[in-house]
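Engineer: let me see the structure of the following:
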Amino acid sequence: MRWVWQTTNLKEVDFSSQGGVWTPCAGSVTPWQTHLGSEEYPPDAKDFYSGNGNKTSSVYRNVARYWDHYASSVNRDRVTSLGFNPYQYGYPWETVVKKDFTEKTTKLYAHGRISWEMAYVMPDNKTVYHTDDGTNCVFTMMKLKKEKDLKEGTNYCMKMTQTSPAGGDVKDFKGDIEWIEMPTPTHDEAAAAIKTHKFADLFHSEDCNADGTCNTTGFKSINAGFGNGCECLKVKDGKEKLAAVFEKKRYAGYLGCTLEFYRWEGITYDADSKKAYTAMSNIGLGMDDNHAKWDLGGPNHIKVKANECGCVMEMDIDADMKATKARMLTCGKMSTCGAAGNCPTIGDTADTCDVDFIANPDNVAIIPKAKQVPPHFPPRHSRLDFLE
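Structural biologist: Numbers count the residues shown, from 1 in each chain. Predicted coordinates:
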């Protein structure tokens, strides 16, 4: 059988009024059948506007091409003059497609800037979960003001209290979840401030001491996974709402939420069991107990043993669609081939995860009624099987 695809009506999604799109990642379908997309790995605005930010960068060169500027060497000042601002990027977006294939795409600024892996709307049409991919990730949620209106709501960040033994195997991890409310501007307030604000308009900042403390009274030590890790911040008066969306992960740490998870991927929900499932493709760094760099500053909420093969987490969901408790459902396992030095390789990368377990799960989906939660890399398949 030969498949023939009809492409007559295909067209690009139009982000031109919103400064283009930055590193698109996973998407989901809302209960009302619109597309919910995500921008991953947005530029660090603090670094961009710092003394180091004007270095020549291949990232700047690639960004400049969006404005038809093709110089081989481009720096911060040049891309800024073209129209680039880091606070334009790092959001989810909703795309509504009509029957005639016309579409309207809206970046959802009030949800805030993180390294978006996925945004996922729960069956109540009012609760949206946000997963953040990278180092020292944050887990957040928005409660919409109106059903099916993704533009307006109130953000919350998760504080996880580990209830399993500190330093234990990650497969035995358990925790209680608390939600802390974040200041949230309206969509229009955030949109209007994007091009007028820099990092220094939102926070006072200073370097951490060697022990992770701050010199100046009123500053808080956090570790949001940027640069050297630990940083001391104090939000500027009147800038709480904008700081909480433009620097969402930093502000979550400022409020005491948990920032230590690593490589947080997709999320899904089973309405029958009232459980959510979410993947982490690697366990380590800030999740280690007292990691020398990524636990310096902040509260060190998560204390488990590293596992580079990753895990799938299960969460209990209450009647208000809030996650209340978490545990690891399944984790990968290192293969004995590593100790023997004879693991199969792809290029320079050794396939070190046991093929009888999951390996580096990414996005997850639920099969209704089947009581199965297949990770992106299903059991009994290794990374090698899927990369060949």
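Engineer: mind telling me what element Met315 is part of?
Structural biologist: Here Met315 is covered by strand 311-317, with elements defined by DSSP states H and E.
Engineer: next SSE downstream of that strand?
Structural biologist: Proceeding C-terminally, strand 311-317 gives way to strand 323-331 as the next helix or strand, assigned by DSSP H and E.
Engineer: ok, that next one: who's next to it in the sheet?
Structural biologist: With DSSP bridges as the test, strand 323-331 is paired with strand 174-181 (antiparallel), strand 311-317 (antiparallel).
Engineer: and the strand holding Met315, how far out from the chain middle?
Structural biologist: The chain centroid and the centroid of strand 311-317 are separated by 16 Å under CA atoms, centre = their mean, to the nearest Å.
Engineer: sorry, back to before: ranking the strands paired with strand 323-331 by burial, who's on top?
Structural biologist: Per-residue neighbour counts averaged over each of the strands paired with strand 323-331 give the maximum for strand 311-317, namely a mean of 21 (mean count of other CB atoms under 10 Å). Where you see a C-beta, it was placed from the backbone N, CA and C, and this is true even at glycine.
Engineer: Ser205 and Thr135, how far apart?
Structural biologist: For Ser205, the distance to Thr135 (CB to CB, to the nearest Å) stands at 19 Å.
Engineer: more neighbours: these two, which one.
Structural biologist: Here Ser205 and Thr135 are compared on neighbour count by other CB atoms under 10 Å; more neighbours surround Thr135, at 21 against 16.
Engineer: ok, that one touching Glu260?
Structural biologist: No - no contact is recorded between Thr135 and Glu260 when judged using CB atoms under 8 Å, the distance being 9.4 Å.
Engineer: who touches both of the two?
Structural biologist: Counting by CB atoms under 8 Å, 6 or more residues apart in numbering, the shared contacts of Thr135 and Glu260 are Leu285, Gly286, Trp294.
Engineer: pretty sure the last one sits in a helix.
Structural biologist: No - per DSSP: H, G, I helix; E, B strand; the rest coil, Trp294 lies outside any helix segment and is coil.
Engineer: chain neighbours aside, what residue packs nearest to it?
Structural biologist: Closest residue to Trp294 apart from its sequence neighbours, by CB to CB, 6 or more residues apart in numbering: Gly286 at 3.9 Å.
Engineer: got a list of what that neighbour touches?
Structural biologist: Neighbours of Gly286 in contact, by CB under 8 Å, 6+ apart: Thr135, Asn136, Asn223, Gly225, Leu259, Glu260, Phe261, Tyr262, Trp294, Asp295, Ile302.
Engineer: ok, it to His187 distance?
Structural biologist: If you go by CB to CB, the gap between Gly286 and His187 works out to 31 Å.
Engineer: got it, and Glu94?
Structural biologist: 11 Å.
Engineer: give me the common contacts of those two.
Structural biologist: Leu108.
Engineer: so where do the strands sit in the stretch 51-200 of the chain?
Structural biologist: Per DSSP state E, counting those that start in this stretch, the stretch 51-200 of the chain carries strands over the ranges 92-97, 103-107, 116-121, 127-132, 140-144, 153-162, 174-181.
Engineer: can you put these in CSV and add distance to Leu10 and mean pLDDT?
Structural biologist: As requested, those are arranged in CSV below (distance: least, CB to CB, whole Å; pLDDT from 0 to 100):
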stretch, distance to Leu10, mean pLDDT
strand 92-97, 11, 96
strand 103-107, 11, 95
strand 116-121, 23, 97
strand 127-132, 28, 98
strand 140-144, 31, 98
strand 153-162, 32, 98
strand 174-181, 40, 98
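Engineer: ok, which of those strands comes nearest Ala370?
Structural biologist: Ala370 lies closest, by CB to CB, to one member of those: strand 116-121, at 19.6 Å.
Engineer: CA atoms only: put the closest one into CSV for me.
Structural biologist: The C-alpha trace of strand 116-121 is given here as CSV (Å, rounded to 0.1, in the frame of the first residue of the first chain):
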residue,chain,number,x,y,z
TRP,A,116,8.3,24.9,27.8
GLU,A,117,8.1,21.2,27.0
MET,A,118,4.3,21.0,27.1
ALA,A,119,1.2,22.8,28.2
TYR,A,120,-1.7,20.5,29.0
VAL,A,121,-5.4,21.4,29.7
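Engineer: can you list the strands that that strand pairs with?
Structural biologist: Partner strands for strand 116-121, per DSSP bridges, with pairing direction: strand 127-132 (antiparallel).
Engineer: now the strands paired with strand 323-331 as JSON lines including distance to Glu152?
Structural biologist: As requested, the strands paired with strand 323-331 are exported to JSON lines (distance: least, CB to CB, whole Å):
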{"stretch": "strand 174-181", "distance to Glu152": "15"}
{"stretch": "strand 311-317", "distance to Glu152": "23"}
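Engineer: quick one: closest of these to Met334.
Structural biologist: strand 311-317 (13.0 Å).
Engineer: which helix or strand contains Ile267?
Structural biologist: Element membership for Ile267, per DSSP H and E: strand 264-270.
Engineer: give the rounded mean pLDDT of that strand.
Structural biologist: In this model, strand 264-270 carries a mean pLDDT of 96.
Engineer: and it, which strands flank it?
Structural biologist: Under the criterion DSSP bridges, strand 264-270 sits next to strand 275-280 (antiparallel) in its sheet.
Engineer: tell me the mean pLDDT over the strand it pairs with?
Structural biologist: Confidence over strand 275-280, taken as the mean pLDDT, stands at 97.
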